[in-house]
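> This is the structure alone, sequence omitted:
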């Protein structure tokens, strides 16, 4: 199953707007403005995404976004809902 929008298409469209990536980096990373990435927006923050091929993200969070392989046939992927996060 594939998402409605992949990181590759999202990154390409963002980079198609001249100066947008640099402006986002300056505003969010340098000026510390709050930024909320939801779904593919959160994936875009990583170094790279592996949905529908290998794609370069913004690199604001180190790592790769990979497909979740369910532990069993009863697990739902994609998972939607709330979970507890324990650091």
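Happy to help now that I have it. Please read all numbers here as calculations on a predicted model, not as lab measurements.

> which strands and helices sit next to the lengthiest helix in the chain?
Assignment by DSSP state H gives helix 7-15 as the longest helix of the chain. Helices and strands touching helix 7-15, by 3 or more C-beta pairs under 8 Å, 6 or more residues apart in numbering; DSSP states H and E, are helix 20-25, helix 40-44, strand 46-49, strand 55-56. Backbone N, C-alpha and C define where each C-beta goes, glycine included.

> quick one: residue 53 and residue 8, what's the gap?
6 Å (C-beta to C-beta, to the nearest Å).

> Can you pick out the residue with more neighbours from those two?
residue 8 (18 against 9; other C-beta atoms under 10 Å).

> Ignoring the adjacent residues along the chain, who's closest to that one?
residue 55 (3.8 Å; C-beta to C-beta, 6 or more residues apart in numbering).

> From residue 78, how far off is the one you found?
Going from residue 55 to residue 78 by C-beta to C-beta gives 18 Å.

> Just want to know which of the two has more residues nearby.
A direct count of neighbours by other C-beta under 10 Å for residue 55 and residue 78 places residue 55 higher, at 20 against 9.

> quick one: that one and residue 6 touch, right?
Yes: using C-beta atoms under 8 Å, residue 55 is in contact with residue 6, at 7.3 Å.

> quick one on the thing from earlier: mind listing what's buried in the longest helix of the chain?
7, 8, 10, 11 (16 or more other C-beta atoms under 10 Å).

> List the residues that contact residue 63.
Residue 63 sits next to 46, 47 when contact means C-beta atoms under 8 Å, 6 or more residues apart in numbering.

> Verify the assumption that it is located in a strand.
Yes: per DSSP: H, G, I helix; E, B strand; the rest coil, residue 63 lies within a strand segment.
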